[in-house]
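[1] sharing a model prediction with you, sequence too.
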Amino acid sequence: MGSYYYLMAQLPYLIYEQKPPMSSSEFKDLAKSLLKSNDAALFENLSLTCSEKTDCDFINKWQEWDKIMRLNLAKQRVIKLKLDRPVTEPQSIHLDAAAVASKAVDESSPLDAEIMLDKARWHAIEELAGNDYFSRNTVYAYYLKLLLLERRQIFNAEKGFAEYKSLYASIADSVQSAGESL
């Protein structure tokens with residue numbers, strides 16, 4: 001594994017909920033020129049939801065954690081909404097991913113649930129990246145964190161609530177119309 005001291009030493013420390021110091025695409029452009037070819041190839045396809053197995057333990061563990069969290073989230077939503085659907089039973093040692101999903105479903109606001117899920121993702125990235133601050137794992141983790149910061153910047157409570165009210169009214173109108181036509 002290569003050391004990316006020059007790249008990582010010049011970057012500002014990231015804190016969840018701060019404004020991103022640069023865009024993920026700017027970081028990608030900077031990093032690609034300094035990464036070894038095999039590390040750059042992995043970096044090129046890295047995203048918050050990637051799913052292909054790689055030769056990088058960090059990426060594989062991140063993907064597994066995120067997949068387990070998403071499966072648990074789907075399971076908890078099916079249970080909460082009392083839907084009659086088959087549920088994939090997640091198999092993993094990532095108990096924290098299951099707990100996060102359970103807590104997110106209990107949040108009263110969708111915005112609060114998304115923020116909680118992203119904070120859990122942030123924490124998982126930090127834990128899985130390890131302590132070698134100049135390795136490729138840290139480069140990948142920095143990029144994933146920038147993606148989370150960018151995602152956080154697009155959350156807008158007022159716009160989201162307005163959209164929710166609009167969708168709710170539309171559904172209520174269609175249900176009322178369907179009831180009148182019977």
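    Everything's here; your move.

[2] rest of the way, CA atoms for contacts and neighbours
    Noted.

[3] what packs against the host helix or strand of L146?
    In the assignment (DSSP states H and E), L146 maps to helix 136-154. Judged by 3 or more C-alpha pairs under 8 Å, 6 or more residues apart in numbering; DSSP states H and E, the packing partners of helix 136-154 are helix 24-32, helix 57-80, helix 110-129.

[4] buried set for the last one?
    Just to be clear, that refers to helix 110-129. 110, 113-122, 124-126, 128-129 (16 or more other C-alpha atoms under 10 Å).

[5] next, the angle helix 136-154 makes with that helix.
    Angle, helix 110-129 to helix 136-154, by axes from the mean of the first three to the mean of the last three C-alpha atoms, to 10 degrees: 170 degrees.

[6] and the angle from helix 110-129 to helix 57-80?
    Going by the same axes, to 10 degrees, helix 110-129 makes 150 degrees with helix 57-80.

[7] same question for helix 110-129, mean pLDDT?
    In this model, helix 110-129 carries a mean pLDDT of 93.

[8] now the helices and strands packed on helix 136-154 as JSON lines including distance to S170?
    Below are these laid out as JSON lines (distance: least, C-alpha to C-alpha, whole Å):
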{"stretch": "helix 24-32", "distance to S170": "36"}
{"stretch": "helix 57-80", "distance to S170": "22"}
{"stretch": "helix 110-129", "distance to S170": "19"}
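
[9] tell me which of those helices sits nearest to D173.
    Closest to D173 of the helices and strands packed on helix 136-154 is helix 110-129 (C-alpha to C-alpha; 22.6 Å).

[10] who are the packing partners of the closest one?
    helix 57-80, helix 95-106, helix 136-154.

[11] what's the closest of these to D39?
    helix 136-154 (7.0 Å).

[12] got a pLDDT number for P86?
    66.

[13] understood, closing this out.
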